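*Asks:* Model the following, please.
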Amino acid sequence: MNDLPPKTRVNKAPQRWWNQLYETWLSPIKTREQFLKLIGEAGAKQLIGAESQIMLEGVMKISQMHVAEIMIPAPKMDLLDVNMPIEDMLEKIIDIGHSRYPVYENEKENIIGILMTKDLLKWQRAPEIHLKVFLRTAVFVPETKNLIDLLRDFKKNRNHMAMVVDEFGRISGLVTFEDVLEEIVGEIEDEFDEDEDDGEIYSLVDKSFRIAGHTTLEKFNAYFDAQLMSDDEEQFETIGGLIAHLMGHVPTKGEHHDTKGFRFEVMHSKSGVVKWYRVKKIGH
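*Replies:* Predicted coordinates for the structure are as follows:
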């Protein structure tokens, strides 16, 4: 007769299963390269799915990576000035489309907090209150922080953004929870990502336009009654392809190019691809 009450009986089956798994598969593994090889073999034999293989390899990859390798560098950060008029701040937030922004005071090195766009609505209802009241505490991490440790901190503290500082304590960039996850699972759709069947040209409040990089030249020309063509136009179907050809490289955020009466400025790029351009008619 078993003297233990039902709730205190120990099921040793999971422990036995783990011991068998370890002895069969893991005990011979002594190096990271051996483990990656095992994952590859498991994928080739369809013992694990392709997505599972990508994630396992991604976890192994970030264990060797540091914040500096994936951060958004300081010159490309979208920042808000705490002293901006609320109308200007709203316009900038709508145009850019992020869900959170670092906020600085007096100089861009002086980050005083993080603004969630949903909190801006609270400020609209009570504009007599200073914006500082609505800011979340900014988190600072060194460039040398390991990504596994950063992911653990993000999860533990429920943060989604951290400011990155160099060895001298200066702001060198920022990193987000999404940036780390994308190293594991691949690109994650965000505020700027849209299905190709959705709208690709949006008018903005300053009379400029937000245009997806995959917008076809045919659609652009029809929308603007323009003739945005290249000398070897048969090679290019999209805005992104044409602008990269004209510039001689894939542009990054902040770069711009003027052609046929239009200025194309990169608003948002991801994984080496321009997702969105801000387009203005020159002279307007």
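*Asks:* any idea of the mean pLDDT for stretch 220-229?
*Replies:* Model confidence over stretch 220-229, given as mean pLDDT, is 86.
*Asks:* Please state the backbone phi and psi of residue 66?
*Replies:* Taking degrees, to the nearest 10, you get phi -130, psi 160 for the backbone angles of residue 66.
*Asks:* just for this protein, where's the confidence low?
*Replies:* Scanning the chain for pLDDT under 70 picks out the ranges 1-30, 32, 50-51, 53, 186-199, 204-206, 230-235, 270-272, 283-284.
*Asks:* which stretches of it form helices?
*Replies:* For the chain, helices defined by DSSP state H occupy the ranges 13-21, 32-44, 50-62, 86-96, 117-125, 147-157, 177-185, 217-224, 239-247.
*Asks:* Give me whichever of those is most buried.
*Replies:* Neighbour counts (mean count of other CB atoms under 10 Å) averaged over each of these peak at helix 239-247, with a mean of 19. Backbone N, C-alpha and C define where each C-beta goes, glycine included.
*Asks:* can you pull the contacts of residue 119?
*Replies:* Contacts of residue 119 were listed using CB atoms under 8 Å, 6 or more residues apart in numbering, and they are 134, 135, 136.
*Asks:* How many residues are close by the spatially closest residue to the last one that is not a sequence neighbour?
*Replies:* Taking CB to CB, 6 or more residues apart in numbering as the measure, residue 136 lies nearest to residue 114, with 4.5 Å between them; neighbours along the chain are not counted. With neighbours defined by other CB atoms under 10 Å, the count for residue 114 comes to 22.
*Asks:* circling back to that earlier point, how about JSON lines for the helices of the chain, with distance to residue 70 added?
*Replies:* Below are the helices of the chain laid out as JSON lines (distance: least, CB to CB, whole Å):
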{"stretch": "helix 13-21", "distance to residue 70": "32"}
{"stretch": "helix 32-44", "distance to residue 70": "19"}
{"stretch": "helix 50-62", "distance to residue 70": "9"}
{"stretch": "helix 86-96", "distance to residue 70": "20"}
{"stretch": "helix 117-125", "distance to residue 70": "23"}
{"stretch": "helix 147-157", "distance to residue 70": "7"}
{"stretch": "helix 177-185", "distance to residue 70": "5"}
{"stretch": "helix 217-224", "distance to residue 70": "32"}
{"stretch": "helix 239-247", "distance to residue 70": "23"}
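*Asks:* now residue 257: how far from residue 264?
*Replies:* 5 Å (CB to CB, to the nearest Å).
*Asks:* Overlap in contacts, these two.
*Replies:* Contacts common to residue 257 and residue 264, judged by CB under 8 Å, 6+ apart, are residue 243.
*Asks:* So which of the two has more stuff around it?
*Replies:* Neighbour count, other CB under 10 Å: between residue 257 and residue 264, residue 264 has more, with 25 against 17.
*Asks:* hang on, isn't that one packed against residue 256?
*Replies:* Yes - counting by CB atoms under 8 Å, residue 256 is a contact partner of residue 264 at 6.2 Å.
*Asks:* Please parse the chain into its domains.
*Replies:* Under the assignment automatic domain parsing, the domains of the chain span 30-64, 68-185, 201-281.
*Asks:* Give me the distance between the two termini of the last one.
*Replies:* Looking back up the chat, that one is domain 201-281. 14 Å (CA to CA, to the nearest Å).
*Asks:* next one: that domain to chain centre, how far?
*Replies:* Between the centre of domain 201-281 and the centre of its chain there are 21 Å (CA atoms, centre = their mean, to the nearest Å).
*Asks:* Cool, thanks, talk later.
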